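*Asks:* Please find the sequence and the predicted model below.
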Amino acid sequence: MSGRVDSWDHWRSFLAVVEEGSLSGAARALRLTQPTVGRHIDALEDGIGARLFTRSRGGLDPTQLALSLVPQARDMAVIADDLVRTASGERDEARGTVRLAAIDIVGTLVLPPMLADFRDRHPGIDIELALSTRNENLLRREADIAVRMVRPEQQAIVARHVGLVRVGLFAHRRYVAAHGLPETVEALFSHPLIGIDQEEGLVAGISFGGHPLTRESFAFRCDSAVAQLMAVKAGFGIGACHLGLAADEPDLVRVLPDVVEFGYEMWVAMHEDLRDTRRMRLLFDHLVENLAAYAAMQ
């Protein structure tokens, strides 16, 4: 075998091709040239002695061998990113990079003002923000700090409960003018509801008037809470929103405020090995203080 299989650059290109589906897409994602990515894949295939991709109309499809290698390659990516973040700042200095994970509605609409204030105070610390509906694995260092809407269950995790985020149902004034408001929970289900698509765990245990919520309850289905809010603001129907966010939206009208309300516990968590690293502790404490204030204002 003459190709190199021990170069991280080659495996990084391999992951990018798997995720983007083409050499050109991988090159754009990595900010490399397409021939460079192609050479990396050729070197891996030469070194392994087997094909990793086959051509199709849609681009490049990973072989079964390639798919079997993806989990290990992603583990390598996590380790490499963690190495870069660790090397970017000394343990006791307020500089370097912190990777923060949160669900999209929190990361898009709640955290940015808090992070801007943090940056003003600590200009030497860079922030990476990962938005996802899943809980990043802090033990595998997929993130340094996570803002979660469920209690962290993993061992070796430092977590602080910051409060209960209250959620209600809302509709835009245009929708209300055209369709009116339901006066009972039973009438609510005759209106188009906005909610989850695949992430049914997000509504597990939630029911309105004895009606459990499922995917089929919703006329507009999307796992992005930001997209759901945009659908409410566009007048599609009735959907959920943090009470704290809705307070800044004068065109949103509360639906059944005395009957329908639920909430999510908010937590800030990080790996216990990071609590003595100054930049991690600074951001962790900043988020705990500011998110507690956000939860309390609702």
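*Replies:* Nice, thanks for sending it over. Numbering: from 1, shown residues only.
*Asks:* Name the SS class of Ala94, please.
*Replies:* Classification of Ala94 by DSSP: H, G, I helix; E, B strand; the rest coil places it in coil.
*Asks:* for stretch 229-240, which positions count as buried?
*Replies:* Within stretch 229-240, the residues scored as buried using 16 or more other CB atoms under 10 Å are Leu229, Ala231, Val232, Lys233, Gly235, Phe236, Gly237, Ile238, Gly239, Ala240. C-beta: built from backbone N, CA, C; applies to glycine.
*Asks:* Farthest-apart pair in those residues, please.
*Replies:* Every pair in the buried residues of stretch 229-240 was compared (CB to CB); the two farthest apart turn out to be Gly235 and Ala240, at 15.9 Å.
*Asks:* Just the helices from this protein, written as ranges.
*Replies:* Remark: helices assigned in the chain by DSSP state H are 8-20, 23-30, 34-48, 64-87, 104-105, 111-121, 173-179, 185-188, 225-234, 243-246, 278-296.
*Asks:* Tell me which residues touch Asp285, please.
*Replies:* By CB atoms under 8 Å, 6 or more residues apart in numbering, no residues touch Asp285.
*Asks:* Next one: it from Ser224, what distance?
*Replies:* To Ser224, Asp285 is 29 Å away according to CB to CB, to the nearest Å.
*Asks:* and what of Gly180?
*Replies:* 28 Å.
*Asks:* Low-confidence stretches in the chain?
*Replies:* Segments of the chain classed as low confidence (criterion: pLDDT under 70) are 1-6, 82, 84-93, 133-141, 200-202, 204-205.
*Asks:* Name the nearest residue to the residue nearest the centre of it, ignoring sequence neighbours.
*Replies:* For the chain, the residue nearest the mean C-alpha position is Ser132 (1.7 Å; CA atoms, centre = their mean). By the measure of CB to CB, 6 or more residues apart in numbering, the closest residue to Ser132 outside its immediate chain neighbours is Ala101, 6.5 Å from it.
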